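Asks: Provided below are the primary sequence and the corresponding predicted coordinates.
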Amino acid sequence: MSESRVDSPLVEFLAKELERTQDELPKLARTHMHALRLSRQADFDVLEVARLGEEDPSIATRLLQTANSSFHSRGLKIRNVEQAALRLGVRGVRYMLYVAVYAQMVFDVPRYRDLIHNSFRHSVIVARLARRIAALGDTDVDLAYLSGLLHDVGKARCYQLAAAHPEFGSDYEHVTAAVHRLHAKSGVAMIRDWSLPREVINAVARHHSPTSDALECCVALSDTIVHMVENPHSTPQEELDARSDAVGLRSDQVNYLIDNARLDNENEDVAA
């Protein structure tokens, strides 16, 4: 898409609306703020998360969905949040909490519901792949997962603002290009009060133009690979090579990551 098309009245409008509505951004519920604080601890009592689930149905639902997903269930159905938390363990519960917090910020915008759902699903796959990339080096795997999960969190907010003005919404390609242009800025505004590590916020802000920072490069490579898997031939080989070189990966490692991204993309309950 040409720059003239991207530099459109919609981009200008959305940029102004993002600025104007900064004080109106949705706040995390108390239980989700508590969940986020818990998840950042090196170790925590998973049963405390189960107790949070008793207060907040969205956390309980996410716990049960994750524990009963094909990846975790081993064919045994769980109907109790305490059992679900114990099955997932500390790391599994931590990743579930990250997804639960993100899911709370995914607005229901009927006009763009499919686009928002696809963005959420894409982000979960990017998070999983970023964790694998981090494990190949010395980047923190939990920060990689969280950064990958949140890298596109600002898209839903942009779609919500666009939907409020249907005169801009008849051309989905146009809207998608404008959202792509502004979503990183929108995402940083959304998560700035979540008490996240500065490197996570930087990775969200710079996932399309990373510095030499290892976490930023990890998320950028993961995003590039997942886009390539979702839309074959959409990513120039030069971009993939540059992103891989920035992380220091060999071609066989990149192929391993591509294969994993394809498997995740084919998994219908990957975002459970």
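Replies: Thanks, I have the structure now. Numbers count the residues shown, from 1 in each chain.

Asks: domains for the chain, by residue range?
Replies: Using automatic domain parsing, the domain ranges for the chain come out as 1-22+108-272, 27-104.

Asks: can you lay out these as TSV showing mean neighbour count and mean pLDDT?
Replies: Every residue, glycine included, has its C-beta placed from N, CA and C. Compiled in TSV, those are given as follows (neighbours: other CB atoms under 10 Å; pLDDT from 0 to 100):
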stretch	mean neighbour count	mean pLDDT
domain 1-22+108-272	18	90
domain 27-104	18	87
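
Asks: how about the helices in the stretch 51-200 of the chain?
Replies: With helices called from DSSP state H, counting those that start in this stretch, the stretch 51-200 of the chain shows them at 57-67, 70-73, 81-104, 113-135, 141-150, 154-163, 172-191, 198-205.

Asks: could you tell me the angle between the fourth one and helix 81-104?
Replies: Think helix 113-135. On the basis of axes from the mean of the first three to the mean of the last three CA atoms, to 10 degrees, helix 113-135 is oriented at 110 degrees to helix 81-104.

Asks: quick one, helix 113-135 and helix 172-191 angle?
Replies: Calculated by the same axes, to 10 degrees, helix 113-135 forms an angle of 60 degrees with helix 172-191.

Asks: list the helices and strands helix 113-135 packs on?
Replies: When contacts are defined as 3 or more CB pairs under 8 Å, 6 or more residues apart in numbering; DSSP states H and E, helix 113-135 sits against helix 81-104, helix 141-150, helix 154-163, helix 214-230, helix 251-266.

Asks: what inclination does that helix have with respect to helix 198-205?
Replies: Going by the same axes, to 10 degrees, helix 113-135 makes 130 degrees with helix 198-205.

Asks: how far off centre is helix 113-135?
Replies: 5 Å (CA atoms, centre = their mean, to the nearest Å).

Asks: angle of that helix against helix 141-150?
Replies: 160 degrees.

Asks: that older thread, can you redo the helices of the stretch 51-200 of the chain as JSON lines with distance to Arg30?
Replies: Listed next are the helices of the stretch 51-200 of the chain as JSON lines, based on distance: least, CB to CB, whole Å:
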{"stretch": "helix 57-67", "distance to Arg30": "12"}
{"stretch": "helix 70-73", "distance to Arg30": "27"}
{"stretch": "helix 81-104", "distance to Arg30": "12"}
{"stretch": "helix 113-135", "distance to Arg30": "23"}
{"stretch": "helix 141-150", "distance to Arg30": "20"}
{"stretch": "helix 154-163", "distance to Arg30": "21"}
{"stretch": "helix 172-191", "distance to Arg30": "17"}
{"stretch": "helix 198-205", "distance to Arg30": "21"}
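
Asks: spit out the contact partners of the nearest residue to Glu230 once chain neighbours are set aside.
Replies: Computed as CB to CB, 6 or more residues apart in numbering, the closest residue to Glu230 that is not its neighbour in sequence is Asn265, at 6.3 Å. Contacts of Asn265 were listed using CB atoms under 8 Å, 6 or more residues apart in numbering, and they are Ile125, Val226, Val229, Glu230.

Asks: likewise for Pro26?
Replies: Residues near Pro26 by CB under 8 Å, 6+ apart: Met105, Phe107, Met190.

Asks: picking that back up, nearest to Ala35, of the helices of the stretch 51-200 of the chain?
Replies: Nearest of these to Ala35, taken as CB to CB: helix 81-104 at 4.6 Å.

Asks: return the distance of the closest one from the chain's centre.
Replies: Using CA atoms, centre = their mean, the offset of helix 81-104 from its chain centre is 15 Å.

Asks: neighbouring contacts of stretch 165-180?
Replies: 1, 5-6, 8-11, 13-14, 111-112, 115, 155, 158-159, 162-163.

Asks: same question but for stretch 248-256, I mixed them up
Replies: The contact list for stretch 248-256 (CB under 8 Å, 6+ apart) reads Ile133, Leu136, Gly137, Leu221, Ile225, Leu240, Ser244, Leu257.

Asks: alright, calling it a day.
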